[in-house]
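Novice: What shape does this take:
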Amino acid sequence: MRPVRRAAIAAALLCWAVVVVAGPVAAQDDGFGWIINRFDIDVTVEADGAMHVVEDIVVDFRSLERHGIFRVIPVRYDLSPGDVQIDLPAGRPAGEFVRAIEIDNIHVTSSAPSDLVVEEPTRFEGRELSLRIGDEDRTVSGRQTYRISYDVRGALNAFEGHGELYWNATGNDWEVPIRRSRVTVHASRISEVACFRGPVGATFVCDESSFGKRTATFSASNLQPGEGLTFVAAFPSAAVAVAPPILVEKWNPVRAFNGSRAALPGAVLVALLGLVGVGLLAFRQGRDRVTRGGVAVDGMVDAGPAERRGLFAPRVTPVEFRPPDSLRPAQVGVLIDERVDPVDISATIVDLAVRGHLRITEIEERKLWFGKTDWELERLASDDPLQPFEQRLLNGLFEDGSPVRVKALKGTFVEHYKATQSLLYTDAHDQGWFPRRPDHVRTMWLVLGVLVMALGVGAFVLAMMFTTWAVAVLPLVPIGVVLAVAHRWMPHRTPHGSRTLNRVLGFRQFIVTAEAGRAEYAEHQNLFVTYLPFAVVFGAVDKWAQTFASLGAAAATTGGVGGWYIGAHPGGFDARGFSRGLTDFSSAVGSSLPVAPASSGSSGFSGGSSGGGFGGGGGGSW
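Specialist: Below you'll find the predicted structure:
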């Protein structure tokens, strides 16, 4: 063999060795961690226009460790203003809708773990269906195969004389190359085809594009990231029935709020009905019950059936010179305004002092030119009987011993305060003044108001999401607010409570309008100090003290009032100073005891391109 021929043979053998041996090395050094070796798609178009798609994807993860792949398919598409496929509602522009395809019956099998997570677009965001395939607890490497099958509806377009499928088979959004892709389309009759490859908008024809009577075949090789394969197939109208396009209305907050002609009138109607309903509830629920009747021969009240007190009916309150039924000041306070206020607790402490259970000493604390007043409470022994709420209050005040400063109780007395409140409400119910505890009635109606507000907000949000008449349910929110505000007027008194209230108001008239003659009567009865706690409840301490001072009722006292209240300045009885001191004490108690502790479709044959039509998307690995 001549030397020249030998050299040629040696060179050929060397080239073969480079291709065989170095080829895989070059593939490993293509700049991608993994690739898609083969992406085959089989599409079957049914007679009713539905499609069945099977995607066989062969990947090579090489030495990488991956859980699997994900596949993304667009299912929402913008409409073209001149799209002949779409029959829009009268007066509605194309920009208010998107065209949709429906994908279901998704199944996945693979050589690797094939757990499937499907994420669909919502009404408000997203346009793609995402499929994540793999096991988050396991990884795989090397060559893996994945088969994804699914059904599609709404992807065909209807034209005169034929139906058309314009389908982006691979998608243009893969992050790695696709070495080879082959598409096979099956239908009962195929009349025309076209195929495009390359990036979005490219019109390069595919490597292969052929069709027979029932089958079409397309292929492309070496698709780079961002490139894909898109085909168009036409079917005679008699062969495939094309359903109307699926339209989805875009969510628009303005149209959702008031896109219906009936929305605004509906809102007015809901508001009127709701407010009238709340008004009727308060009118019927909150009015006191009374009885109509007279006095029988034996002097007992012959009461008739209970009825609601007239809204503007005057109260008959003849003056009474003593508390009705020997009521305590706090009981009187609850009966008047249907709640336990701090002033009721203050008056109870004063009443306990008057009755000998404790002593109140006014203490003036001075720092330079500034003075502050505090009060010291000292517990005393007394045989005077106590109501349950009084016993609870007294025990709470001196829980840590006696004496105690009022300011020291701030932040530590709140639980005792609430317990005393609860006992007073229970007492008001047990006395027969209210059919239910007033605080429980108010809480019930407050909760109902909050529930109506929450219902209104929830109904408004749902209506904004799925309807065009959200404004019609918006008034439910202010109706709930009004109902929550009206909760304070919902308790009502029984007939017995109404009668007792009239007597209490008569007694208040005596205290508030204390005239000299009446006060003199009270002085003779030694009732100035006894009635003083009621003056605290009625807010008439100053008037009560001034009247008795003018009569000299307390002239015999020296620096105090019967020893139960010791002022900061010893001396004769000073009505103005005593009144101011007792009022300040009541305010200090009211501001300290309740305080809680501090806490830290166009056609694909005219203007078709790669990336057009339905389908598309892409995917990657994870």
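Novice: May I have the predicted confidence score for Gly615?
Specialist: For Gly615, the pLDDT comes out at 65.
Novice: Please, where are all the strands along the stretch 151-300 of the chain?
Specialist: For the stretch 151-300 of the chain, applying DSSP state E, counting those that start in this stretch gives strands covering 156-159, 162-168, 173-174, 178-186, 192-199, 204-205, 208-211, 215-223, 227-236, 246-249, 289-295.
Novice: Put the alpha carbons of stretch 210-220 into PDB.
Specialist: C-alpha atoms of stretch 210-220 as PDB (Å, rounded to 0.1, in the frame of the first residue of the first chain):
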ATOM      1  CA  SER A 210     -46.400  16.300   5.600                       C
ATOM      2  CA  PHE A 211     -49.900  14.900   5.900                       C
ATOM      3  CA  GLY A 212     -52.200  12.300   4.600                       C
ATOM      4  CA  LYS A 213     -56.000  11.800   4.800                       C
ATOM      5  CA  ARG A 214     -56.100  11.200   8.500                       C
ATOM      6  CA  THR A 215     -52.500  11.900   9.800                       C
ATOM      7  CA  ALA A 216     -50.100  14.800   9.700                       C
ATOM      8  CA  THR A 217     -46.400  14.700  10.800                       C
ATOM      9  CA  PHE A 218     -44.100  17.600  11.700                       C
ATOM     10  CA  SER A 219     -40.500  17.600  13.000                       C
ATOM     11  CA  ALA A 220     -37.700  19.900  14.000                       C
END
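Novice: about what we covered before: export the strands of the stretch 151-300 of the chain to a markdown table and tack on mean neighbour count and distance to Leu280?
Specialist: Placement of C-beta: from N, CA and C, glycine included. What follows is the strands of the stretch 151-300 of the chain, written out as a markdown table (neighbours: other CB atoms under 10 Å; distance: least, CB to CB, whole Å):
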| stretch | mean neighbour count | distance to Leu280 |
| --- | --- | --- |
| strand 156-159 | 21 | 58 |
| strand 162-168 | 25 | 62 |
| strand 173-174 | 22 | 62 |
| strand 178-186 | 20 | 69 |
| strand 192-199 | 22 | 69 |
| strand 204-205 | 14 | 76 |
| strand 208-211 | 16 | 75 |
| strand 215-223 | 20 | 73 |
| strand 227-236 | 26 | 66 |
| strand 246-249 | 16 | 40 |
| strand 289-295 | 14 | 17 |
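Novice: All the strands of the stretch 351-500 of the chain, in order from the start?
Specialist: So, for the stretch 351-500 of the chain - with DSSP E, counting those that start in this stretch - the strands run 358-367, 370-379, 404-405.
Novice: count of neighbours near Glu364?
Specialist: Glu364: 11 surrounding residues under other CB atoms under 10 Å.
Novice: So it sits against Ile566, correct?
Specialist: No - using CB atoms under 8 Å, Glu364 is not in contact with Ile566; the gap is 11.7 Å.
Novice: before we move on, the earlier item: let me know which of the strands of the stretch 351-500 of the chain is the nearest to Pro495.
Specialist: strand 358-367 (37.1 Å; CB to CB).
Novice: Give me the angle between that closest one and strand 370-379.
Specialist: Relative orientation of strand 358-367 versus strand 370-379 (axes from the mean of the first three to the mean of the last three CA atoms, to 10 degrees): 160 degrees.
Novice: Parallel or antiparallel, list what pairs with strand 358-367.
Specialist: strand 370-379 (antiparallel), strand 565-566 (parallel) (DSSP bridges).
Novice: Quick check: the gap between the residue positioned nearest the centre of the chain and Ala256.
Specialist: The centroid of the chain falls nearest to Ala454 when counting by CA atoms, centre = their mean (7.1 Å). Note on Ala454: its distance to Ala256, by CB to CB, to the nearest Å, is 20 Å.
Novice: Now do the same contact list for the residue nearest to the centre of the chain.
Specialist: Gly480 (CB atoms under 8 Å, 6 or more residues apart in numbering).
Novice: which regions of the stretch 401-550 of the chain sit below the pLDDT cut-off?
Specialist: Scanning the stretch 401-550 of the chain with the threshold set as pLDDT under 70 gives 514-526, 547-550.
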